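Enquirer: Structure for this input, please:
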Amino acid sequence: MSKSFPLLFILLWSSAFITTLPIVQNSDPFSALAFRFFLVAICFFIYSIYKKAKILVNSRNLINSLGTGILFHGLYLGGVFYSIYIGFPTSLTALIVTMQPILTNLLAGHFLKEKVSLNQWLGVFLGFTGAVMVLGFDIGKSLPIEGVISSLVALIAITTSTIWQKKISNNIPLTVNNMYQAIGAFLFHLIIIILIFNDPFINFNSEFLLAMSHQVFLVSLGAFSILMYLIKNNSASKTVSLFFLIPVVTALMAWIFLGEELMKIDIA
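Expert: You can find the predicted model right below:
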């Protein structure tokens with residue numbers, strides 16, 4: 001089963017970008033994420049009780065779980081959702097944030113003492129070249145600068161959280177770790193709503209509920225748990241190399257399901 005995890009992760013993680021659009025068309029990004037991670041925290045709590053996992057953890061593990069949760073689900077997803085919310089193309093948002101292997105490879109050697117192979121550096125170079133080709137000179141013209149900045153914040157957040165998660169290697173059960181990460185994300189988005197976002201709203205229609213169900217059960221409970229498993233059992237640099245495949249899958253999904261245009265330069 002674990003051999004199929006990388007492929008399953010790529011499909012589920014890519015699909016999250018597609019279902020983000022109908023969510024932000026029916027809510028503001030931070031209310032949607034607060035609602036999502038409130039449900040995710042409850043699900044992981046119930047599952048932890050069912051598995052008879054030890055819920056209470058020491059302060060160090062609690063801070064680490066809450067902190068990585070704020071980075072993974074707060075700043076990363078907040079940046080992605082806000083970018084798509086203001087009209088930045090879904091496929092380009094996915095492209096920017098999945099340049100994560102570039103930063104991770106740069107940092108893994110210093111912080112995790114991991115050796116990055118020549119082939120991995122070649123992949124980094126090709127991935128970066130492709131991103132520059134697609135983004136090109138459209139930034140600030142057809143592409144809003146605010147969307148680019150939001151996506152870059154998301155990129156930095158998921159890179160930092162991946163390094164942090166690998167370095168601390170909590171010995172607490174995966175479900176308990178995920179529960180506290182979800183709690184951290186819920187509190188983060190709630191604070192953003194209270195302090196910054198003045199007009200929170202959610203339209204609980206069938207489109208929103210279907211897309212949110214997908215993100216809660218298939219992405220947060222499924223794909224994210226797979227990512228945590230892969231980070232724990234593989235090197236950080238090898239795990240994040242999977243992200244290079246996500247822009248391709250996301251762009252195809254966006255073309256099929258959202259009608260987003262694929263230019264020749266994008267395909268190249």
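Enquirer: in the stretch 1-150 of the chain, what spans have low per-residue confidence?
Expert: In the predicted model of the stretch 1-150 of the chain, residues 1-2, 108-114, 131-132, 134-143 satisfy pLDDT under 70.
Enquirer: What segments of it are helices?
Expert: Ranges of helices in the stretch 1-150 of the chain, per DSSP state H, counting those that start in this stretch, are 5-24, 29-50, 59-69, 77-85, 90-97, 100-112, 118-135, 145-168.
Enquirer: which residues are in contact with the shortest one?
Expert: So that's helix 90-97. With Cβ atoms under 8 Å, 6 or more residues apart in numbering as the test, helix 90-97 has contacts from 14, 17-18, 20-21, 76, 79-80, 83-84, 130-131, 134-135, 143, 147-148, 151-152, 154-155, 158, 246-247, 250-251, 254-255, 258, 260, 266. All C-beta atoms are positioned from the backbone trio N, CA, C, and that covers glycine.
Enquirer: Just the buried residues of those residues.
Expert: Neighbour counting by 16 or more other Cβ atoms under 10 Å classes 14, 17-18, 20-21, 76, 79-80, 83-84, 130-131, 134, 143, 147-148, 151, 154-155, 158, 246-247, 250-251, 254, 260, 266 among the contacts of helix 90-97 as buried.
Enquirer: looking at the helices of the stretch 1-150 of the chain, which is closest to Asn177?
Expert: Taking Cβ to Cβ as the measure, the helices of the stretch 1-150 of the chain were each checked against Asn177, and helix 59-69 came out nearest at 5.2 Å.
Enquirer: so the closest one versus helix 29-50, what angle?
Expert: The directions of helix 59-69 and helix 29-50 differ by 140 degrees, with axes from the mean of the first three to the mean of the last three Cα atoms, to 10 degrees as the criterion.
Enquirer: Surely Asn205 and Asn26 touch.
Expert: Yes. Between Asn205 and Asn26 there is a contact under Cβ atoms under 8 Å: 6.1 Å.
Enquirer: Pick out whichever of the two has more residues nearby.
Expert: Neighbours per residue (other Cβ atoms under 10 Å) separate Asn205 from Asn26, with Asn26 holding more: 19 against 11.
Enquirer: for the more buried one, phi and psi?
Expert: phi -120, psi 10 (degrees, to the nearest 10).
Enquirer: check contacts around Ser151.
Expert: Residues touching Ser151, when contacts are defined by Cβ under 8 Å, 6+ apart, comprise Gly79, Val80, Ser83, Phe88, Leu92, Thr93, Ile96, Val97.
Enquirer: Adding distance to Leu118, write those out as TSV.
Expert: Compiled in TSV, these are given as follows (distance: Cβ to Cβ, whole Å):
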residue	distance to Leu118
Gly79	31
Val80	31
Ser83	33
Phe88	34
Leu92	29
Thr93	30
Ile96	25
Val97	25
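Enquirer: farthest-separated two in those residues?
Expert: Of all pairs in those, the most separated under Cβ to Cβ is Gly79 and Leu92 at 13.1 Å.
Enquirer: contacting residues around Ile202?
Expert: Applying Cβ under 8 Å, 6+ apart, one finds that Ile202 lies in contact with Asn26, Ser27, Asp28, Ser31, Ala32, Phe35, Phe208.
Enquirer: rerun at 6 Å
Expert: The contact partners of Ile202, by Cβ atoms under 6 Å, 6 or more residues apart in numbering, come to Ser27, Ser31.
Enquirer: Quick check: phi and psi at it.
Expert: Dihedral angles of Ile202 (phi, psi; degrees, to the nearest 10) stand at phi -140, psi 130.
Enquirer: Run through the bridge partners of it.
Expert: According to DSSP bridges, Ser27 are recorded as the beta-bridge partners of Ile202.
Enquirer: Quick check: it vs Ser31, distance?
Expert: Ile202 is 5 Å from Ser31, where distance means Cβ to Cβ, to the nearest Å.
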